[in-house]
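> sequence and predicted structure are below.
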Amino acid sequence: MSANAPDRLLNTLTVKDDTDIEEGVVHHGPRGLSDHFALGFTKLLRVIADTFFAKRYGHRAIVLETVAAVPGMVGATAVHLSSLRSMKDDEGWIRTLLEEAENERMHLMTFIEIAKPTSFERIVILLVQWVFYVGFFLIYLVSGRTAHRIVGYFEEEAVLSYTLYLQEIDEGRSPNVPAPAIAKHYWKLPDDATLRDVVLVVRADEAHHRDINHGFSNKLAGLPADMAQASPYPAHADSIRMDA
């Protein structure tokens, strides 16, 4: 959620800044059929990703961030149309979801600079994106609660994946290359920032999206709003465009 998101939405969430959120141990236990479906769907996709990419975390990030940028745009579209039909305020959801989609897209733009996608991976991205967009849109139309829970679980897996990526870097199995210029601009990183710094802020982004989407799902399910604890969101550039 950006700093400009409406205060009333922020007031429904409790910000938690301890290290548990960053280390990937936060998990929303499933309640009911909707949550179990969301968790099962996420675990299935995790198995597919593990089989396809193994420990090639840079290439995994490219394909998965392409998918991760879809739910925010789908959710924002659905909420926008619902707000128009009902003639009721969206309570800040549209801006928050659009920010999520844009943030995930910037993850993709960053990792493209780090791990150049192969021609095969570009084809996979093209196919997966359209299939997932249509499928997720249908899920959102049937149950927004389930859709947001899926994203919450997706982000739990993303936090875990980036934690494992950090281990690969720290143990020397993945080179800690200099951070791309686009990453240093977007996350306001120092000139000497490295891949490790990038993975840390990306993981923090994912932790924040995880908590926001679990919070949205809770709200739609009629659960107490304070069940969602929002991880801090890293600072981002006001403009995503770099100076020429």
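Cool, got the structure.
> quick check: the spatially most central residue of the chain vs Ala237, distance?
With distances taken as CA atoms, centre = their mean, Glu206 lies nearest the centre of the chain, 4.4 Å away. Distance of Glu206 to Ala237, given as CB to CB, to the nearest Å: 18 Å. Every C-beta, even on glycine, is put in place using the N, C-alpha and C of the backbone.
> for Arg95, same thing?
As judged by CB to CB, Arg95 and Ala237 stand 17 Å apart.
> now do Ile125
Distance of Ile125 to Ala237, given as CB to CB: 25 Å.
> so for those two, which residue has more residues nearby?
Using other CB atoms under 10 Å, the more surrounded residue of Ile125 and Ala237 is Ile125, with 18 against 14.
> how about the strands in this protein?
Using DSSP state E, the strands of the chain run over 14-15, 229-230.
> weakest of these by average pLDDT?
Across the strands of the chain, the stretch with the lowest average pLDDT is strand 14-15; it has a mean of 40.
> skipping adjacent residues, who's closest to Arg46 in space?
Of all residues not flanking Arg46 in the chain, Glu157 sits nearest, at 5.3 Å (CB to CB, 6 or more residues apart in numbering).
> helices and strands of this structure: which one has the lowest mean pLDDT?
Lowest by mean pLDDT, DSSP states H and E among the helices and strands of the chain is helix 7-10, with a mean of 37.
> torsion angles phi and psi at the residue of the chain most remote from its centre?
Using CA atoms, centre = their mean, the residue of the chain lying farthest from its centre is Met87. It sits 29.1 Å away. The phi/psi pair for Met87 (degrees, to the nearest 10) reads phi 60, psi 40.
> read off the pLDDT value for it.
Met87 is given a pLDDT of 91.
> contacts only, for it.
For Met87, the contact set (CB atoms under 8 Å, 6 or more residues apart in numbering) is empty.
> from Tyr140, how far out is it?
Met87 sits 21 Å away from Tyr140, going by CB to CB.
> which residues touch Tyr57?
Ser161, Tyr162, Leu164, Tyr165, Glu168, Ser174.
> how about the helices of the chain, start to end?
Here the chain has its helices, by DSSP state H, at 7-10, 19-22, 32-53, 57-86, 93-114, 119-142, 144-170, 181-186, 195-220.
> please identify the buried residues of the longest one?
In terms of neighbour count (16 or more other CB atoms under 10 Å), helix 57-86 has its buried residues at 57-79.
> ditto for the third one
Neighbour-count burial for helix 32-53 flags Ser34, Asp35, Phe37, Ala38, Leu39, Phe41, Thr42, Leu45, Arg46, Ala49, Phe53 (criterion: 16+ other CB under 10 Å).
> check the gap between the closest residue to Tyr133 other than its chain neighbours and Gln129 for me.
Nearest in space to Tyr133, with sequence neighbours left out and distances taken as CB to CB, 6+ apart, is Val70 at 5.1 Å. Computed as CB to CB, the Val70 to Gln129 distance reads 7 Å.
> got it, and His214?
24 Å.
> cool, His185 as well?
Separation of His185 from Gln129 (CB to CB) stands at 25 Å.
> comparing the two, which residue is more hemmed in?
The neighbour count for His185 versus Gln129, taken as other CB under 10 Å, is higher for His185 (18 against 15).
> distance of that one from Ala193?
From His185 to Ala193 the distance is 11 Å (CB to CB).
> find the residues that touch each one of the two.
By CB under 8 Å, 6+ apart, no residue touches both His185 and Ala193.
> pLDDT value on Asp18, please?
So, for Asp18, pLDDT stands at 37.
> can you check the one 10 residues further on too?
Confidence at His28, expressed as pLDDT, is 78.
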